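# Fold the following.
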Amino acid sequence: MRYLLSLLMLAVATTALAETPETMPEGFTSLFEGKDLEGWVGGTTIDPEKITEKQQAEWDSQVPEHWSIDGDQIVSDGHGPHLVTDKKYGDFEMYIDWNLAPKGDSGIYLRDCPQIQIWDPENEAAHVHGSDKGSGALWNNQKAEKWPLMKADKPCGEWNRMYVRMVGPYVKVVLNDQLVVDDVLLENYYDRSKPVPAEGRIQLQTHGSETRFRNIWVRELDKDESAKLLEEIESKQ
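You can find the predicted model right below:
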């Protein structure tokens with residue numbers, strides 16, 4: 001039922017979110033200034049509460065080997081550690097552009113939890129895992145909805161613009177001006193008996209293929225805004 005309601009609301013919601021900004025909107029902060037990777041560290045798929053200082057130091061030392069800067073882009077060679085914000089975020093909204101190599105696979109972790117799935121819908125070998133449904137999926141969900149409402153990817157080699165909003169445990173994703181995830185609960189990958197942490201880091205995943213990122217803009221939501229949005233979201237669950 002919820003899936004059908006989301007489809008019925010799709011046209012209205014998409015229209016409301018269709019104005020993709022060409023420059024960073026007021027109130028947002030850029031997580032990459034095109035000079036260096038200050039503010040980023042290494043990481044991987046692990047409960048952040050279990051990370052040791054030795055592990056963190058090892059991942060940090062591997063970042064320069066696998067992550068590079070190409071003009072206004074952050075480039076992953078697809079190997080080594082994820083690129084992880086040093087800062088933790090609670091409720092926030094974010095814009096991010098990504099460009100995937102053919103047959104590629106990547107993702108965005110929210111509060112350290114996997115993930116918003118990014119992959120090549122034309123990669124037939126990954127269709128068994130659902131790649132033909134398109135990017136934006138909360139792929140690691142087991143009980144809550146895991147698939148996007150529609151396929152909105154541009155062809156590999158072209159830039160995709162993604163808008164992400166996280167309020168409480170709920171995630172909204174707009175891909176190339178199309179609503180693909182409508183305030184779906186993100187499950188806690190590390191302990192499904194508990195909700196996702198109230199705060200955590202944003203991770204850019206490595207998964208075997210070159211992926212490029214740019215225009216990473218984040219705005220943290222204040223308590224009043226979060227409370228109002230959470231009330232609206234929970235009223236339609």
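
# going forward, measure contacts between C-alpha atoms and count neighbours the same way
Will do.

# which residues in this protein form strands?
Taking DSSP state E as the test, the strands found in the chain are 29-30, 40-43, 67-70, 73-76, 82-85, 92-100, 105-110, 113-119, 160-167, 170-175, 178-185, 203-204, 211-220.

# With respect to Lys151, which of those lies nearest?
With CA to CA as the criterion, Lys151 lies closest to strand 178-185 of the strands of the chain, at 7.5 Å.

# Listing partners with orientation, what would you give for that closest one?
strand 170-175 (antiparallel) (DSSP bridges).

# where does this structure have its least confident helix or strand?
Ranked by mean pLDDT, DSSP states H and E, the weakest helix or strand in the chain is helix 2-16, scoring a mean of 44.

# With mean neighbour count and mean pLDDT added, can I get the strands of the chain in a markdown table?
Listed next are the strands of the chain as a markdown table, based on neighbours: other CA atoms under 10 Å; pLDDT from 0 to 100:
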| stretch | mean neighbour count | mean pLDDT |
| --- | --- | --- |
| strand 29-30 | 15 | 98 |
| strand 40-43 | 23 | 99 |
| strand 67-70 | 18 | 98 |
| strand 73-76 | 22 | 98 |
| strand 82-85 | 25 | 99 |
| strand 92-100 | 21 | 98 |
| strand 105-110 | 24 | 98 |
| strand 113-119 | 25 | 98 |
| strand 160-167 | 22 | 99 |
| strand 170-175 | 23 | 99 |
| strand 178-185 | 24 | 99 |
| strand 203-204 | 26 | 99 |
| strand 211-220 | 22 | 98 |
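
# From Glu210, how far off is Lys50?
Relative to Glu210, Lys50 is positioned 28 Å away (CA to CA, to the nearest Å).

# out of the two, which sits in the more crowded spot?
Ranked by neighbour count (other CA atoms under 10 Å), Lys50 and Glu210 place Glu210 first, with 21 against 8.

# wait, what's in contact with the residue nearest to that one when sequence neighbours are not counted?
Spatially, and ignoring its direct neighbours in sequence, Glu210 is nearest to Asp77 (4.5 Å; CA to CA, 6 or more residues apart in numbering). The contact partners of Asp77, by CA atoms under 8 Å, 6 or more residues apart in numbering, come to His66, Trp67, Thr206, Gly208, Ser209, Glu210, Thr211.

# same thing but 7 Å
Contacts for Asp77 were tallied using CA atoms under 7 Å, 6 or more residues apart in numbering; they are His66, Trp67, Ser209, Glu210, Thr211.

# Beta-bridge partners for the residue nearest the centre of the chain, please?
Relative to the mean C-alpha position of the chain, the nearest C-alpha, by CA atoms, centre = their mean, is the one of Ile108, at 3.2 Å. Ile108 has these beta-bridge partners by DSSP bridges: Ile116, Leu204.

# All set now, cheers.
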